[in-house]
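Participant: please find the sequence and the predicted model below.
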Amino acid sequence: MAEEKTFTPTQAMAAAAKKGLKLREKFGRGGTEVGVARANQLAGRKPVSAADVKAMKSYFARHAVDKDTHTHAWGSDTDPSAGWIAWLLWGGDAGRKWAEAKAKTLES
């Protein structure tokens, strides 16, 4: 049986995840336990499996609509929306770009 391919999260993804964890703790909103687990994985730059890459790509595709928030603010450090915090937990914009690129390599 072949060893499963894994990928290392980037520094930018780790930084976004750490920021998301801090904002979640400070404001008490954003993300699920799954998102928190993903953030801890990314923040520690722990290996990401092919299944994790697919899950991340799927998360970002489903949650891009969260940017259209009317409560709290997308991208804010002083009044962040729950969606913004969750987005950061999954690696932020860097995580989205990375997951999409890695998913393409897995498809080929």
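Facilitator: Yep, that arrived. Numbers count the residues shown, from 1 in each chain.

Participant: for Gly30, which residues are in contact?
Facilitator: Going by C-beta atoms under 8 Å, 6 or more residues apart in numbering, Gly30 touches 20, 23-24, 80-86, 88-89. C-beta here means a position set from N, CA and C on the backbone, and glycine is covered the same way.

Participant: between the residues you listed, which is closest to Thr10?
Facilitator: Leu88 (14.0 Å; C-beta to C-beta).

Participant: and the closest residue in space to that closest one that isn't next to it in sequence, how many neighbours does it have?
Facilitator: In this structure, Leu88 finds its nearest non-sequential neighbour in Gly20, 2.9 Å apart by C-beta to C-beta, 6 or more residues apart in numbering. Taking other C-beta atoms under 10 Å as the criterion, the count of residues near Gly20 is 29.

Participant: got it, and the one 5 residues further on?
Facilitator: As a burial measure, the neighbour count of Glu25 was computed by other C-beta under 10 Å and equals 10.

Participant: in a strand, it, correct?
Facilitator: No - counting by DSSP: H, G, I helix; E, B strand; the rest coil, Glu25 falls outside a strand, being helix.

Participant: what does the residue nearest to the spatial centre of the chain show for phi and psi?
Facilitator: With distances taken as C-alpha atoms, centre = their mean, Trp90 lies nearest the centre of the chain, 0.9 Å away. The phi and psi values for Trp90, taken as degrees, to the nearest 10, are phi -90, psi 10.

Participant: my guess is it meets Tyr59, correct?
Facilitator: Yes - counting by C-beta atoms under 8 Å, Trp90 touches Tyr59, with 5.3 Å between them.

Participant: in the chain, where is pLDDT below threshold?
Facilitator: For the chain, the stretches with pLDDT under 70 are 1-3.

Participant: just to revisit the earlier point, which pair in the contacts of Gly30 spans the largest distance?
Facilitator: Greatest spacing in the contacts of Gly30, by C-beta to C-beta: Ser81 and Leu89 (12.8 Å).

Participant: all set now, cheers.
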